[in-house]
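Q: Compute the structure for the input listed below.
(2 chains)
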Amino acid sequence: MNCIRCGSPLLIGGTCSHCGLNDAYVKKCIRMSNLYYNRGLDKANVRDLSGAILDLKRALHFNKLNIEARNLLGLCYHEMGEVATALSEWVVSTNFMPEDNDASEYIKSIQNNPSRLDEVNNTIRKYNQTLNYLRTGDYDLASIQLKKVIGLSPNYVNGHLLLALLYIKTDSYEKAKKELRRVLRIDVNNTLALKYYSELSGNAGLKRFEDKDKKRVKNYEDREVKRRDVSSPNSNQITIDQYVENSTNKYTFIGILIGLLVGIAVMYFLFIPQKTDELADSYDTLKQEFNEEISAKNKEVTKLQESEKGLQEDIDSLTKELAKATGESSKGNVFDNIVNAATAHLEDDDEKSAEYLLKVDISAVDSKDAKKLYNQLSEIILPKVSEDFYNQGYSKMSSGAYKEAVDLLTKAFKYDDANVDALYYLGRSYQFAGNKEEAKKCLDQVISDFPDSRRVAQAEEHLKELN
Amino acid sequence: MIDFDEEIKKFKPSLEIGDVEEAIYDTEMKDVLDLLTQAKLQDDDNNR
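A: Reported below is the predicted structural model:
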């Protein structure tokens, strides 16, 4: 048999021929180392990184050649943002076992990514600079630097812790709690974080956080244990900082989704009903305005109709007044004609006087004096003028001037409608002139209007001639 | 209560990448078995 530690043959009694150690001691130490490694692995699987680091260090204390324990220790440091320390563990690991070692892959994953390496360097430098600022009391600069550190390395536990401490110093307790919660998400049993949180929240607050955190750890176990199966020597991949980034992306997506849903819900429940109400209000207002306008128009129409009625009454009244005035005017004309007739008679112009008298409508005259004057003038003038026209007409007829005779005899009968001779000879003049129709009318009128006249027999005789 | 100044003292500067090699050399890489070996050798020397 060979020594487990150095591979040299064992002597009788189980002592190594090279290192001189009893095989039983060696085996016991290796068992202890493996025991602590398993404990460390269990703690790492539930993100109790601080506890895992302690156990893994103990494992290496019993057996520095426990490669898996060292590699896992490096992973725990890396997960807490201590990249340089992680690298140192992995370098040692590859020195002890240069071949078939996962640590080689871990180192390559960092060294082959220059930007990542620069990022790590910057983070460490800024963190160390922050410590100097804090010790010199430049808290503002320290705060700025720490935020940069966390921006570069979101899992850097010491960065979060320092920022939390700084927030506590400036009495920003809620911000400090937020940072501490971030630390406890990375390293669930981080002693300093738990201590600060306990100080800020009291025991009840801490208990509440722990209950909440246990659920989160359980979820993490279900999801992440296989990924972080560092105990498997066949694992060739290193997964760094993926937990926080994936989580952030997932929660960001969920946040956006929830925001959209809330937005839609707010629009549906608040905005649309509000708009509907506004439209309904607007419709009601317009309707009311139209109704008021229609009512006003109706009133105006009624008023105009009343006004029209009044105007019609005025028109009727004025028409009556006008008619009355016109009547008075005609009366005025009657008097004028009577006066003119009298004047013409006084001037020996009986023909003109007769014309005026014929224009008078004596029935429209109320005045007795005017009537008396009219009657006197008519009795004097009209028979005389008629007789004159009759004589002239008869003379014309006798001389064969029938047309002139007709005009003169027409006037003679006009001025005195009792002058049957004038009517008879008017008929005869028409007869001689060849106007049988007018002749018949005149002769018929002689027979009908003057039945007792001696001209009736003559008229009948001449009518026979005409027929 | 949290004593800010005391708490700050607990935070040590982080190891930079360039200092990794030096840190490894400085680390005393001994485990229990190394101590036992050392003790055995000293014991053997004393017996001689």
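Q: May I have the residues that are in contact with the closest residue to A:E179 other than its chain neighbours?
A: Using C-beta to C-beta, 6 or more residues apart in numbering or on different chains and skipping residues adjacent in sequence, the residue nearest A:E179 is A:A164, 3.9 Å away. All C-beta atoms are positioned from the backbone trio N, CA, C, and that covers glycine. Residues in contact with A:A164 (C-beta atoms under 8 Å, 6 or more residues apart in numbering or on different chains) are A:A176, A:K177, A:E179, A:L180, A:V183, A:A193, A:Y196.
Q: With respect to A:Q305, which of these is nearest?
A: Within the set of the contacts of A:A164, A:K177 lies nearest A:Q305; the separation is 83.6 Å, counting by C-beta to C-beta.
Q: which secondary structure elements does the helix or strand of chain B with the lowest mean pLDDT contact?
A: When each helix and strand of chain B is scored by mean pLDDT, DSSP states H and E, helix B:20-26 comes last, with a mean of 79. Under the contact criterion of 3 or more C-beta pairs under 8 Å, 6 or more residues apart in numbering or on different chains; DSSP states H and E, helix B:20-26 touches helix A:83-96.
Q: Model confidence for A:S453, exactly?
A: You'll see A:S453 listed with a pLDDT of 87.
Q: Tell me how far the nearest residue to it once chain neighbours are set aside lies from chain B.
A: Spatial nearest neighbour of A:S453, chain neighbours left out: A:V420 (4.8 Å); criterion: C-beta to C-beta, 6+ apart. Note on A:V420: its distance to chain B, by C-beta to the nearest C-beta, to the nearest Å, is 157 Å.
Q: these two touch, right, A:V420 and A:R455?
A: Yes. Using C-beta atoms under 8 Å, A:V420 is in contact with A:R455, at 5.5 Å.
Q: what sits in contact with each of these two?
A: With C-beta under 8 Å, 6+ apart, A:V420 and A:R455 have common neighbours A:V446.
Q: Do a quick rundown of the helices in chain B.
A: B:4-9, B:20-26, B:32-47 (DSSP state H).
Q: Below-threshold pLDDT in chain B: ranges please.
A: Applying pLDDT under 70 to chain B flags the ranges B:28.
Q: Enumerate the residues of it near chain A.
A: B:1-2, B:4, B:7-8, B:10-11, B:13-21, B:23-24, B:27, B:29-34, B:36-37, B:40-41, B:44 (C-beta under 8 Å from any C-beta of the partner chain).
Q: before we move on, back to that, contacting residues around the residue nearest to A:S453?
A: With C-beta under 8 Å, 6+ apart, A:V420 has these contacts: A:V446, A:D449, A:F450, A:S453, A:R455.
Q: Please apply the same query to A:L134.
A: A:A142, A:L162, A:L166, B:I8.
Q: host element of the first one?
A: If I follow you right, that is A:A142. helix A:139-152 (DSSP states H and E).
Q: relative orientation of the helix or strand just after that helix and helix A:139-152 in degrees?
A: Where DSSP H and E defines the elements, the next helix or strand beyond helix A:139-152 is helix A:157-169. When axes from the mean of the first three to the mean of the last three C-alpha atoms, to 10 degrees is applied, the directions of helix A:157-169 and helix A:139-152 differ by 150 degrees.
Q: Send over helix A:157-169 as CSV, restricted to the C-alpha atoms.
A: The C-alpha atoms that make up helix A:157-169 are tabulated as CSV, following Å, rounded to 0.1, in the frame of the first residue of the first chain:
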residue,chain,number,x,y,z
VAL,A,157,-20.4,42.4,-0.7
ASN,A,158,-17.9,44.7,1.0
GLY,A,159,-18.9,47.5,-1.3
HIS,A,160,-22.5,47.1,-0.4
LEU,A,161,-21.6,46.9,3.3
LEU,A,162,-19.5,50.0,3.2
LEU,A,163,-22.2,51.9,1.4
ALA,A,164,-24.7,50.8,4.0
LEU,A,165,-22.5,51.9,6.7
LEU,A,166,-22.1,55.3,5.0
TYR,A,167,-25.9,55.6,4.7
ILE,A,168,-26.2,54.8,8.4
LYS,A,169,-23.6,57.5,9.1
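Q: Quick check: A:I12 is in a helix.
A: No. Looking at A:I12 with DSSP: H, G, I helix; E, B strand; the rest coil, it is coil, so not inside a helix.
Q: Backbone dihedrals for it, please?
A: Dihedral pair for A:I12: phi -70, psi 130, per degrees, to the nearest 10.
Q: which residues touch it?
A: By C-beta under 8 Å, 6+ apart, the contact set of A:I12 is empty.
Q: now it: how far from A:T191?
A: As for A:I12, its distance to A:T191 is 50 Å (criterion: C-beta to C-beta, to the nearest Å).
Q: Equivalent analysis for A:A433, please.
A: 159 Å.
Q: Report the contact partners of residue 29.
A: Just going to use chain A. Here A:C29 is in contact with A:F62, A:N63, B:D31, B:V32, B:L33, B:L36 (C-beta under 8 Å, 6+ apart).
Q: right idea, wrong chain: chain B
A: Contacts of B:M29 by C-beta under 8 Å, 6+ apart are A:K64, A:V92.
Q: One more pass at 7 Å, please.
A: By C-beta atoms under 7 Å, 6 or more residues apart in numbering or on different chains, the contact set of B:M29 is A:K64.
Q: now it: how far from A:L65?
A: Using C-beta to C-beta, B:M29 is found at 10 Å from A:L65.
Q: Check A:L184 too.
A: A:L184 is 34 Å from A:L65, by C-beta to C-beta.
Q: same thing with A:D281?
A: Distance, A:D281 to A:L65, by C-beta to C-beta: 84 Å.
Q: repeat for A:L75
A: Using C-beta to C-beta, A:L75 is found at 18 Å from A:L65.
Q: Low-confidence regions, the stretch 251-400 of chain A specifically.
A: Ranges of the stretch 251-400 of chain A meeting pLDDT under 70: A:325-332.
Q: what number of residues lie near the residue of the stretch 351-467 of chain A found nearest chain B?
A: Nearest to chain B, among the residues of the stretch 351-467 of chain A, is A:A364, at 132.0 Å (C-beta to the nearest C-beta). By other C-beta atoms under 10 Å in any protein chain shown, the residues close to A:A364 number 12.
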